[in-house]
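Visitor: from the sequence below, what's the structure:
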Amino acid sequence: MNKYEVLGVVGEGAYGVVLKCKNKETNEIVAIKKFKETEDNEIVKKSIQREVKVLRLLRHVNIVELKEAFKRKGRIYLVFEYVERNLLEVLEASPSGLEPLYIKKTIFQLLKAIYCCHQHDIVHRDIKPENLLISNANVLKLCDFGFARSLTAQTQDLTDYVATRWYRAPELLLSYSIYDKGVDMWAIGCLLCELTDGNPLFPGENEMDQLYLIQKMLGPLTPSQQETFSKNPRFLGMKFPEISKPETLEQRYLCKLPKRAINFVKGLLKMEPSERLTCRQALKHQYFEDLPEAIEFMKELNLQNEQEKRQVSAGVNRTAQSPTSQQNVIRTKTSFKVPNYLGQQLNMQSTAYAYNIQQQEQGQQQQIQQHQQQSMKKTQSIDKLIPQYKDTKVGFVSDTNKIKISGSQFSQQQFAIAKQPQSIKIQNLNIIYNSNTFNSSQKKGGAQTKK
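Guide: Now for the predicted structure:
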């Protein structure tokens, strides 16, 4: 902290305080999150580690930048870029709600930040006005990743008590141990409504009240959620009051939001998590079609997708055209048949096998002996078996012993050296092979012993 001058206190929470500071060397204004004693508080330590890990991974214009982290006298300090205010302060300055265009731009920036998170399989889990910083240029910065969680973590059980109650999805209120990115999308829907008239959409006083307010506007819980509710010890013996006068989203925001905005919110606030808009779907929604930055962003996103598709397609084509693509079976560790010219009766594993072909046709004895000597002395490339047709594809005719090369067939006389053996005798030979070669080498003394 010696290189920083404290200018004031920005905010204070249960685990620490946020200070506005100036770097004495560069005169840069930064925000420093100073945590209370952390040595014996595992919850705080875990939260800090999670935030540092996530912010080092996520780099985005709409996500607050972590500049450095250090420890001094048992306390941990996180240094962030300084942003002038948060969205809660903006709302407090406009208690009746914000301008529609401002809301649209703000939500779109938030979606871009969350899209970056979700692309890395990270859920923020605590989206609320206090955690959305707004610069003087009206650039949104998503902050406070202490509750963020990777969906690819080894354990699948997730903490249920995370987001501030008013922005929690039903699955969080019902203490689901497994949930997904939909919890962030729900919170964004709640936030948009709050920005519209300055009032929280579901200001429940507790979990039970929160669930009641949600059902009053959006309808009953799903059958699965109702079953979970009835089995949850937290709600044991409780029943929801009868909803006599339900209020729909259309009724509440009819004169405050355009129809497209209401449809957008309804897509975010689905009771069933799998039915909610994904972040990508939300970014492409008609609600943003007249927003210049949305149009530009979608062009970039579509271009990126096309490039990824071309890369995948090129990779597939390269694999298909590879000279070794016809021999990929050699790489596997499953059983497969040796080609006809080596014997249909022999199945090979991806370990070591041995064989010795005894040719009984007297007229071909000399050629067979020469072939065996060569196969034991050196590695023979499959491509070299037929050098004059090196660049052609080799296949086999199913109902004959002939070999087919690029549409042509060759007689047994031309390939007598590779004719189907009449008998196979296992020898003490060590066969080593890769994607291009059968590398045959006889163990020392093995051949002599068998002779």
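
Visitor: pretty sure Leu257 contacts Gln251?
Guide: No - the pair Leu257 / Gln251 is not scored as a contact, 11.6 Å apart, by Cβ atoms under 8 Å. Heads up, the C-betas are built off the backbone N, CA and C, glycines and all.

Visitor: the two: which is more packed in?
Guide: Leu257 (22 against 9; other Cβ atoms under 10 Å).

Visitor: for the more buried one, give its distance to Leu277.
Guide: Relative to Leu277, Leu257 is positioned 16 Å away (Cβ to Cβ, to the nearest Å).

Visitor: now do Glu51
Guide: Glu51 is 27 Å from Leu277, by Cβ to Cβ.

Visitor: swap in Leu173?
Guide: 20 Å.

Visitor: between these two, who's got more neighbours?
Guide: Between Leu173 and Leu277, counted using other Cβ under 10 Å, Leu173 has the larger neighbour count: 26 against 22.

Visitor: so where's this protein uncertain?
Guide: Residue ranges of the chain with pLDDT under 70: 38-40, 153-163, 316-451.

Visitor: counting by contacts, list what the top helix by length along the chain packs against.
Guide: Using DSSP state H, we find that the single longest helix of the chain is helix 292-321. Secondary-structure packing of helix 292-321 (3 or more Cβ pairs under 8 Å, 6 or more residues apart in numbering; DSSP states H and E): helix 100-119, helix 279-283.

Visitor: make JSON lines from those helices and add mean neighbour count and distance to Glu84 to it.
Guide: Listed next are those as JSON lines, based on neighbours: other Cβ atoms under 10 Å; distance: least, Cβ to Cβ, whole Å:
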{"stretch": "helix 100-119", "mean neighbour count": "20", "distance to Glu84": "15"}
{"stretch": "helix 279-283", "mean neighbour count": "18", "distance to Glu84": "26"}
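
Visitor: how about those helices in TSV, adding distance to Lys128?
Guide: Formatted as TSV, the helices and strands packed on helix 292-321 follow (distance: least, Cβ to Cβ, whole Å):
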stretch	distance to Lys128
helix 100-119	11
helix 279-283	17
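
Visitor: for Asn62, find the nearest of these.
Guide: helix 100-119 (3.8 Å; Cβ to Cβ).

Visitor: following element in sequence after the closest one, please.
Guide: strand 122-123 (DSSP states H and E).

Visitor: could you point out which element follows that following strand?
Guide: strand 132-134.

Visitor: what comes up buried for that next one?
Guide: Residues of strand 132-134 classed as buried by neighbour count (16 or more other Cβ atoms under 10 Å): 132-134.

Visitor: partner strands of that strand and their direction?
Guide: Looking at strand 132-134 with DSSP bridges, its partner strands are strand 85-86 (antiparallel), strand 140-142 (antiparallel).

Visitor: residues in contact with Tyr179?
Guide: By Cβ atoms under 8 Å, 6 or more residues apart in numbering, Tyr179 lies in contact with 158, 169, 171-172, 273.

Visitor: may I see the residues you listed arranged in CSV, with distance to Glu247 as well?
Guide: Converted to CSV, these look like this (distance: Cβ to Cβ, whole Å):
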residue, distance to Glu247
Leu158, 31
Ala169, 20
Glu171, 23
Leu172, 23
Pro273, 23
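
Visitor: most neighbours of all those, which one?
Guide: Busiest of these [other Cβ under 10 Å] is Ala169, holding 26 neighbours.

Visitor: which residue, other than its chain neighbours, is closest to it?
Guide: Trp186 (3.8 Å; Cβ to Cβ, 6 or more residues apart in numbering).

Visitor: got the contact list for stretch 237-257?
Guide: Against stretch 237-257 from outside (Cβ under 8 Å, 6+ apart): 97, 100, 193, 196-197, 208, 211-212, 215-219, 261-262, 265-266, 269.

Visitor: tell me which entries of those residues lie within strands.
Guide: Using DSSP state E, no member of the contacts of stretch 237-257 falls in strands.

Visitor: can you give me the helices for this protein?
Guide: 42-57, 87-93, 100-119, 170-173, 182-197, 207-218, 223-231, 249-253, 259-268, 279-283, 292-321, 365-377, 446-450.

Visitor: what's the closest of the ones you listed to Leu142?
Guide: Of all the helices of the chain, helix 100-119 comes closest under Cβ to Cβ, at 4.1 Å.

Visitor: packing partners for the closest one?
Guide: strand 132-134, strand 140-142, helix 182-197, helix 279-283, helix 292-321.

Visitor: domain assignment for the chain?
Guide: 1-82, 86-310, 326-450 (automatic domain parsing).

Visitor: tilt between the longest helix of the chain and helix 100-119?
Guide: Angle between the axes of helix 292-321 and helix 100-119 is 20 degrees (criterion: axes from the mean of the first three to the mean of the last three Cα atoms, to 10 degrees).

Visitor: for helix 292-321, buried residues please.
Guide: For helix 292-321, by 16+ other Cβ under 10 Å, it's 294, 297-298.

Visitor: nearest to Lys141, of the residues you listed?
Guide: Phe297 (17.0 Å).

Visitor: list the contacts for that closest one?
Guide: 108, 112, 283.

Visitor: related to what we said a few turns ago, in CSV, list the buried residues of helix 292-321 along with distance to Gln225.
Guide: Shown next, in CSV, are the buried residues of helix 292-321 (distance: Cβ to Cβ, whole Å):
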residue, distance to Gln225
Ala294, 33
Phe297, 34
Met298, 34
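
Visitor: what's the neighbour count on Asn2?
Guide: Using other Cβ under 10 Å: Asn2 sits among 6 other residues.
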